[in-house]
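# Build the 3D model from these lines:
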Amino acid sequence: MAHTSIRPGRVWLDTAGHRIQAHGGSILHLDGTFYWYGENKEKTRPGNGIWHWGVRCYSSTDLYNWTDEGLVIPPVEDDVRSALHPSAPTDRPHIVRDERTGRFVCWLKTMGDVQTATVLVADHVLGPYEVVRTGLRPLGMSAGDFDLVVAPDGKGYYYFERVHSELICADLTADLTDVTGYYSTHFPRRRPPDVREAPAHFTRDGRHYLVTSGTTGYYPNRSEVAVADTYHGPWTVLGDPHPGDPTGTSFRSQVSSVFRHPGKEDLYIALADRWLPGVPAEVARQAPDVFRRVFAGEADEADEMFAGARFDTSVADYVWLPLRFDGDLPVLDWHDEWRVEDYP
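Predicted coordinates:
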């Protein structure tokens with residue numbers, strides 16, 4: 001059955017009737033086709049040791065009906081040391097295009113005692129992708145959630161969480177596969193849950209916006225949005241872009257990217273994951289306080305909130321919502337259902 005609208009928080013099936021697996025995802029628009037890619041969690045189950053099964057991509061011409069294009073970056077099953085091994089906590093793919101060469105560049109994050117990046121390149125968005133860097137510690141830092149941005153002049157920027165510390169904006173090399181060494185620091189915080197992660201950058205009317213999440217694991221929290229006049233800031237914090245959510249959990253979701261529709265005058269779409277659809281809002285809203293106690297040393301990870309928690313991210317849902325602008329503030333209102341056609 002063909003879809004004719006977007007229904008946030010509902011199970012979303014592809015054109016073959018399978019649950020879409022593109023978590024922590026983003027969209028690219030190329031030659032009239034939308035490509036939505038993200039973490040493939042189809043084989044991930046609580047306790048089975050499989051964090052991911054590669055990066056999957058889908059194509060669409062209307063943003064409603066998505067055709068599975070397969071694994072653009074498959075897992076490496078025979079090398080447990082690889083960042084692409086299914087057991088490796090690798091996620092958050094971001095793909096950009098190097099307009100000078102036409103190549104596509106993908107960065108991935110791998111968690112651990114020190115978080116690192118893997119960089120791959122391909123001649124087509126659907127691959128095959130070749131690893132060109134692995135175990136990369138950008139600027140010598142432990143690099144967490146991130147976003148990749150390419151300016152109209154082709155210059156690239158890498159926004160990433162310096163783990164449990166601050167947000168970094170680093171200039172990329174001309175081929176977009178490494179950092180140059182020039183960077184700026186933003187939003188310093190003492191510890192989670194206040195440290196900002198999951199940065200999602202977009203521009204509108206010459207201004208730069210960053211939507212970020214607090215650090216509460218898979219539990220949702222209150223988003224924060226900031227605005228600046230340049231890629232490197234300085235940033236002015238505007239507040240929560242989800243003011244209509246009284247639970248302070250960003251509609252129980254986490255924004256992964258913001259996509260500007262190329263065929264609309266002013267339609268920006270926030271792509272978000274509802275990682276824990278079975279967790280009620282009243283439980284999720286406690287997460288920041290629990291994390292604050294844990295990281296302040298006032299509680300341990302056996303806190304009652306996490307006791308016995310077994311997260312099944314293979315059934316995470318998607319919360320896609322259109323942005324409206326209240327002055328400078330981007331606002332995400334809840335819609336049970338909405339249509340692209342309703343926007344000029």
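# Assign residue 145 to helix, strand or coil.
Put simply, residue 145 is strand when judged by DSSP: H, G, I helix; E, B strand; the rest coil.
# what pLDDT does it get?
In this model, residue 145 is scored at 98, pLDDT.
# and it, how far is that from residue 254?
Relative to residue 254, residue 145 is positioned 9 Å away (criterion: C-beta to C-beta, to the nearest Å). The C-beta positions use only the backbone N, C-alpha and C, and glycine is treated the same way.
# Which one of those two is surrounded by more residues?
Neighbour count, other C-beta atoms under 10 Å: between residue 145 and residue 254, residue 254 has more, with 28 against 25.
# List the contacts of the closest residue to the more buried one other than its chain neighbours.
In space, and not counting its chain neighbours, residue 254 is closest to residue 213: 5.0 Å by C-beta to C-beta, 6 or more residues apart in numbering. Residues in contact with residue 213 (C-beta atoms under 8 Å, 6 or more residues apart in numbering) are 145, 196-198, 220-221, 223-224, 250, 254-255.
# So what pairs up with residue 213 in the strands?
residue 197 (DSSP bridges).
# Kindly present the contacts of residue 213 as a markdown table, with separate columns for distance to residue 114.
Converted to a markdown table, those look like this (distance: C-beta to C-beta, whole Å):
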| residue | distance to residue 114 |
| --- | --- |
| 145 | 15 |
| 196 | 19 |
| 197 | 16 |
| 198 | 19 |
| 220 | 26 |
| 221 | 24 |
| 223 | 27 |
| 224 | 26 |
| 250 | 28 |
| 254 | 23 |
| 255 | 26 |
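# Residue 204: how many residues sit nearby?
Counted with other C-beta under 10 Å, residue 204 comes out at 16.
# Buried residues, the lengthiest helix in the chain. List them.
In the chain, assigned by DSSP state H, the helix with the most residues is helix 287-295. Judged by neighbour count (16 or more other C-beta atoms under 10 Å), helix 287-295 contains these buried residues: 287-288, 290-292, 294-295.
# farthest pair in those residues?
287 and 295 (12.2 Å; C-beta to C-beta).
# what sits in contact with each of residue 145 and residue 254?
In contact with both residue 145 and residue 254: 198, 213, using C-beta under 8 Å, 6+ apart.
# any idea how far the residue nearest to residue 30 when sequence neighbours are not counted lies from residue 316?
In space, and not counting its chain neighbours, residue 30 is closest to residue 125: 6.3 Å by C-beta to C-beta, 6+ apart. Between residue 125 and residue 316 the computed distance is 23 Å (C-beta to C-beta).
# Which one of those two is surrounded by more residues?
Taking neighbours as other C-beta under 10 Å, residue 125 and residue 316 compare with residue 316 leading, 22 against 19.
# Just list the residues touching the residue nearest to that one when sequence neighbours are not counted, thanks.
Leaving aside its sequence neighbours, residue 316 sits nearest to residue 275 (C-beta to C-beta, 6+ apart; 4.8 Å). Counting by C-beta under 8 Å, 6+ apart, residue 275 makes contact with 23, 218, 220, 253-254, 311, 313, 316.
# For residue 275, give its distance to residue 318.
Taken as C-beta to C-beta, the span from residue 275 to residue 318 is 10 Å.
# repeat for residue 337
Note on residue 337: its distance to residue 318, by C-beta to C-beta, is 14 Å.
# quick one, which of those two is more surrounded?
Between residue 337 and residue 318, counting by other C-beta under 10 Å, residue 318 is the more crowded of the two (23 against 10).
# That one: helix or strand, and which one exactly?
Here residue 318 sits within strand 317-326, counting by DSSP states H and E.
# what lines up beside that strand in the sheet?
Sheet pairing for strand 317-326, using DSSP bridges, gives strand 268-274 (antiparallel), strand 329-332 (antiparallel).
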